[in-house]
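Peer 1: The sequence isn't on hand, but the structure is:
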């Protein structure tokens, strides 16, 4: 069970931690907690931030005010603040429109998922100019596995009119070697991509310190 704000020592609470260590030291949940400021009478700010982080993972850059405001305590003021922060960052860092020269160039845009305790399976839609259109969480699994189906991977890529995708997932256990299920889903995605006309450029497994690329290892 995640800690509430009152369970965290004052010096390690999100706002104080940001001032002491900088924004890069905060998790996605902590960054959202700073933006939210406080929770609601029925939900601690850290719990609310966790729920919003999961929603934003799933929606990617397509998240809207009404998606956020479905949560009690998130009114127009908080929803617009979060959306403004996302757009402000997007215009400067631009995961959307970022050029992919090699598939590993995706890593800076997904590395923040490395500290998640569950496996997150991600799909980046890529256009014909090798630019990122969007990055979404396709599925969230257990400690050591994330079941995913090709239709879930390619559904949003088709709506993005993508010409290719790069998929990636974190390994919470720390190791980078592909499991038999990783190898099997890569083969399934490559075959499904050929059918729908969207090329699978790579499948990347990553943790905090390194990564494994099916393409670079000659396994794609």
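Peer 2: Everything's here; your move. As the structure is a prediction and not an experimental result, all values here were calculated from the model.
Peer 1: What residues of the helix or strand of the chain with the lowest mean pLDDT count as buried?
Peer 2: Least confident helix or strand, the chain: helix 76-93 with a mean of 82, by mean pLDDT, DSSP states H and E. Neighbour-count burial for helix 76-93 flags 78-79, 82-83 (criterion: 16 or more other C-beta atoms under 10 Å). For every residue, glycine as well, the C-beta is placed using N, CA and C.
Peer 1: Could you name the helices and strands sitting against the next helix-or-strand element following that helix?
Peer 2: Along the chain past helix 76-93, the next helix or strand (assigned with DSSP states H and E) turns out to be helix 107-110. Counting contacts by 3 or more C-beta pairs under 8 Å, 6 or more residues apart in numbering; DSSP states H and E, helix 107-110 packs against strand 120-126, strand 132-140, strand 199-206.
Peer 1: Most tightly packed of the ones you listed?
Peer 2: Each of the helices and strands packed on helix 107-110 was given a mean neighbour count from mean count of other C-beta atoms under 10 Å, and the largest, a mean of 25, is that of strand 120-126.
Peer 1: which helices and strands does it pack with?
Peer 2: On a contact count with 3+ C-beta pairs under 8 Å, 6+ apart, strand 120-126 meets helix 107-110, strand 132-140, helix 150-159, strand 164-170.
Peer 1: which one of these lies closest to residue 32?
Peer 2: Residue 32 lies closest to strand 132-140 among those, at 15.1 Å (C-beta to C-beta).
Peer 1: okay, the buried residues of helix 76-93 in TSV with distance to residue 104 next?
Peer 2: Listed next are these as TSV, based on distance: C-beta to C-beta, whole Å:
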residue	distance to residue 104
78	36
79	35
82	30
83	30
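Peer 1: re earlier: so what's the gap between the least confident helix or strand of the chain and the chain middle?
Peer 2: Helix 76-93 sits 16 Å away from the centroid of its parent chain (C-alpha atoms, centre = their mean, to the nearest Å).
Peer 1: now stretch 166-180
Peer 2: On C-alpha atoms, centre = their mean, the centre of stretch 166-180 falls 14 Å from that of its chain.
Peer 1: Any chance of the backbone angles for the residue of the chain most remote from its centre?
Peer 2: Centroid-distance maximum for the chain: residue 41 at 28.7 Å, with C-alpha atoms, centre = their mean. When read as degrees, to the nearest 10, the backbone of residue 41 gives phi -60, psi -30.
Peer 1: same deal with residue 100?
Peer 2: With angles defined as degrees, to the nearest 10, residue 100 sits at phi -110, psi 110.
Peer 1: domain parsing for this structure?
Peer 2: 5-93, 103-213 (automatic domain parsing).
Peer 1: ranking those by mean pLDDT, which is last?
Peer 2: In terms of average pLDDT, domain 5-93 trails the rest of the domains of the chain, at a mean of 85.
Peer 1: what about it, distance to the chain center?
Peer 2: Between the mean C-alpha point of domain 5-93 and the mean C-alpha point of its chain there is a distance of 14 Å (C-alpha atoms, centre = their mean).
Peer 1: just use 33 as the starting number from now, easier for me
Peer 2: Got it, the first residue is 33 from now on, which makes the last one we talked about domain 37-125.
Peer 1: returning to that earlier point: is it possible to get JSON lines of the domains of the chain that adds distance to residue 251?
Peer 2: Listed next are the domains of the chain as JSON lines, based on distance: least, C-beta to C-beta, whole Å:
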{"stretch": "domain 37-125", "distance to residue 251": "27"}
{"stretch": "domain 135-245", "distance to residue 251": "7"}
